[in-house]
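A.B. asks: The sequence and its predicted three-dimensional model are supplied below.
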Amino acid sequence: MHVAPGPLLEMWEHASRLTPAARPIALLALAVPEADADTLARLPLGIRDAHLLRLRQAMFGDGMECLTGCPACGGELEFAVSAGDLLRQAGETGAGDYWLDGPDYRVHFRPLNSEDLLTLPRFEAGSDEFQAQMLPRCIIDIEGPDGVVELEALPREIADQLAREMEQRDPLAAVWLDLACGHCGHAWQSLFDIASLLWADVDRWARSLLHEVHLFARAYGWTERDVLQLSPSRRAYYLGMIES
């Protein structure tokens, strides 16, 4: 998968004006250029993030350096994540709808998608607020002992079971990493967000490239088009001469 610098810069400029919830769809358009925005927004989150992981591999390599803060002592923790490992661990994710079969209830549901995230407030995945807001959008219908059941009458334990079932059906939708602080020893789980990480990579790349364009314009009077037509190795060679 190759993304030319010009289209990537155009996407970056467009996505810079979007909300964080909308940016993954702009990134996804690079990975699935044949699909329209509405189709991309309705992809299950796990399928969306599988595309983004492969895009990240193609653009910046497999290894992802991450930095987070310890919730106990505030110390910084650096760690690496492999896009390929996440893809292999998750396996294949389907795009259909499913049934949760219990002894007294059957719940017909579909996986979460970007459209759901765009229409609701942003809560931490797995929190009670997130579950309360998201489940109603993903439940198609509920069958109980006496027929159709309204969502409000669904027992809490069934709702919790449904949330776990949704994660199992779409494992890349919520990737939890087991972390431990090297300063205080505190252990916790942290949600891995490939969309935010990939956007940060693209943002750094774009700003660095535009700085190079600025240097070339000052040194040689070249236009942005002139610079983008150079291969990365030739750009680096010219930059070396400019900065020497």
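C.D. replies: Thanks, I have it. All of these numbers come straight from a predicted model, not from anything done at the bench.

A.B. asks: Pull out the buried positions in the helix or strand where residue 236 lies.
C.D. replies: According to DSSP states H and E, residue 236 maps onto helix 232-243. Neighbour-count burial for helix 232-243, counted by 16 or more other CB atoms under 10 Å, picks out 235, 238. In this view, the C-beta of every residue, glycine as well, is placed from N, C-alpha and C.

A.B. asks: would you put the C-alpha positions of it in PDB?
C.D. replies: Output in PDB follows, covering the C-alpha atoms of helix 232-243 (Å, rounded to 0.1, in the frame of the first residue of the first chain):
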ATOM      1  CA  PRO A 232      12.700  10.800  -0.100                       C
ATOM      2  CA  SER A 233      16.400   9.900  -0.600                       C
ATOM      3  CA  ARG A 234      17.000  12.800  -3.000                       C
ATOM      4  CA  ARG A 235      15.200  15.200  -0.600                       C
ATOM      5  CA  ALA A 236      17.400  14.000   2.200                       C
ATOM      6  CA  TYR A 237      20.500  14.600   0.000                       C
ATOM      7  CA  TYR A 238      19.500  18.100  -0.900                       C
ATOM      8  CA  LEU A 239      18.600  18.900   2.700                       C
ATOM      9  CA  GLY A 240      22.100  17.700   3.800                       C
ATOM     10  CA  MET A 241      23.600  20.300   1.400                       C
ATOM     11  CA  ILE A 242      21.300  23.100   2.600                       C
ATOM     12  CA  GLU A 243      22.100  22.400   6.300                       C
END
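
A.B. asks: Quick one: mean pLDDT over that helix.
C.D. replies: Averaging pLDDT along helix 232-243 yields 92.
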